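Asker: Quick one, what's the 3D model for this:
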Amino acid sequence: MKRPLLVAAALLALSTAAACAPVIEGGPPLDLPPGLAETASIGTIYLSTGWLEAEDDVGDTFIEEVGEEMRTCAYGTWPLDLRLHIEDLDREGRVSMALRGHGTHRARGIAELVDPRSGTVVGRYPLDVEVDAGGRVAGIFGDRQMIVAEAFGRALCDAAFSRNPRRPGPHNATPD
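Answerer: This is a model prediction of the structure:
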C-alpha cells in the first residue's frame with residue numbers, strides 16, 4: 001500500500017519540478033551585445049538533457065564545471081541566467097583507453113544566456129566540443145564527465161565572452 005503512494009508522490013514532485021524548469025527556446029545563434037559581454041555575470045544555471053547514457057551525476061558535474069568556467073570569464077555585475085541543453089554526450093570508454101591509450105570525449109548542446117528580469121534570450125550558442133581524453137592513466141582513472149563539461153564551459157566562454165578562462169596546465173583538463 002505504501003509503495004503506490006510513494007510512486008505517486010515521486011511522480012507528482014517530478015512533474016512539478018519539470019514544469020518550473022526553464023527550457024531552451026531554440027532559434028538561430030545570437031551573439032551577446034558587446035557591452036553586455038563586458039559586464040555580464042552568470043547567476044543561475046539550468047540544465048536539461050536528451051536521453052543520454054551518462055552517470056547519475058551528469059547534471060551536477062555539468063552545472064559545477066560550466067559554472068566554474070563562467071565565474072572566470074563572466075565576472076561583471078549584470079546577472080544573466082544560463083540555460084544549457086546537452087543533446088549528445090560521448091565519453092571514450094575506459095577499456096578502450098586502456099587498450100589504445102588515446103581517445104576523445106564529446107559534448108554537443110545549446111547554451112542560452114537569459115536576462116532574468118525580462119526572460120529575454122540575449123545570447124544563444126550552439127556548441128560542439130571535442131576534447132582529448134588524455135593518456136591511459138587519465139583515460140582509465142580520470143573524471144570523464146568533468147573533462148568534457150569543463151571543455152564545454154571553456155567553449156562557451158570563448159564563444160560568448162571571447163575569453164579563454166584558464167591558461168593551459170595541469171590545473172586545466174582542456175589543452176588550449
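Asker: The residue nearest to the spatial centre of the chain: what's it in contact with?
Answerer: The C-alpha lying nearest the average C-alpha coordinate of the chain belongs to Phe62 (C-alpha atoms, centre = their mean; 4.4 Å). Counting by C-beta atoms under 8 Å, 6 or more residues apart in numbering, Phe62 touches Leu47, Leu84, Ile86, Gln145, Ala149, Phe152. Backbone N, C-alpha and C define where each C-beta goes, glycine included.
Asker: Most neighbours of all those residues, which one?
Answerer: Ala149 (31 neighbours; other C-beta atoms under 10 Å).
Asker: returning to what we had before: can you tell me how far the residue nearest to the centre of the chain sits from Gly26?
Answerer: Applying C-beta to C-beta, to the nearest Å, the value for Phe62 to Gly26 is 19 Å.
Asker: Are we agreed that Ile24 is in a helix?
Answerer: No. Assignment of Ile24 by DSSP: H, G, I helix; E, B strand; the rest coil gives coil, placing it outside any helix.
Asker: and the closest residue to Glu64 other than its chain neighbours, what helix or strand is that in?
Answerer: Excluding the flanking residues, the one nearest Glu64 by C-beta to C-beta, 6 or more residues apart in numbering is Ala149, at 7.7 Å. Using DSSP states H and E, Ala149 falls within helix 144-161.
Asker: From the chain's centroid, how far away is that helix?
Answerer: Centroid separation between helix 144-161 and its chain, computed with C-alpha atoms, centre = their mean, to the nearest Å, is 7 Å.
Asker: before we move on, back to that, out of the contacts of Phe62, who's nearest Gly35?
Answerer: Ranked by distance to Gly35 (C-beta to C-beta), the contacts of Phe62 are led by Leu84 at 23.7 Å.
Asker: Got phi/psi on that closest one?
Answerer: With angles defined as degrees, to the nearest 10, Leu84 sits at phi -110, psi 140.
Asker: quick one: secondary structure of the residue nearest to the centre of the chain?
Answerer: Per three-state DSSP, Phe62 ends up helix.
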